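Novice: Output the structure for:
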Amino acid sequence: MSLYNIFDVAGSGMSAQTTRLNLVASNMANAETVSSSTGETYRARQPVFGTVLQNEMSKQGSPSQGVRVLGVVESQTPLRTEYAPQHPMANADGYIFKPNVNVVEEMANMMSASQSYKNNVEMLNTAKQLLQETLKIGQ
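Specialist: I've put the predicted structure just below:
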């Protein structure tokens, strides 16, 4: 792997973790929303990542690698229901529906994504320093 490919790998990782952080923010923002039916209730969303290994050779003669977001899936965990007949959003049976978002899990996802992003930034900085030192060899 060429040292230049590290920038592609780290950049794709940072992009993937940004998507993950955005989904965590969306999940947490909707964690306490209320609905009167299961069809209208927000469901937690998670990214699906996949590795990239392109068959075509890049300019340096090595394959391009990285990670990409293949899609976003909704959690199949059951929704939370509460009996609240006085609530304005209650259905005919007196129930309200809340999203299947677990705030503790989302916080853990947020910390993990943030740390992964930070690791990719550190990898970029290290690669940059190595390239700069390599250029100094000829001086």
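
Novice: residues of stretch 71-80 that come out buried?
Specialist: Using 16 or more other C-beta atoms under 10 Å as the test for burial, stretch 71-80 gives 75, 79-80. (C-beta placed from N, C-alpha, C; glycine too.)

Novice: no no, stretch 121-129
Specialist: Buried, per 16+ other C-beta under 10 Å, within stretch 121-129: 123-124, 127.

Novice: Select from those every entry located in helices.
Specialist: Judged by DSSP state H, helices contain the following of the buried residues of stretch 121-129: 123-124, 127.

Novice: rewinding a little: and of the buried residues of stretch 71-80, the nearest to M107?
Specialist: Ranked by distance to M107 (C-beta to C-beta), the buried residues of stretch 71-80 are led by S75 at 15.8 Å.

Novice: For the residue nearest the centre of the chain, give me its contacts.
Specialist: The centre of the chain sits closest to R20, judged by C-alpha atoms, centre = their mean, with a distance of 1.2 Å. The contact partners of R20, taken as C-beta atoms under 8 Å, 6 or more residues apart in numbering, are 47, 109, 113.

Novice: three-state assignment of the first one?
Specialist: Just to be clear, that refers to P47. At P47, secondary structure determined by DSSP: H, G, I helix; E, B strand; the rest coil is strand.
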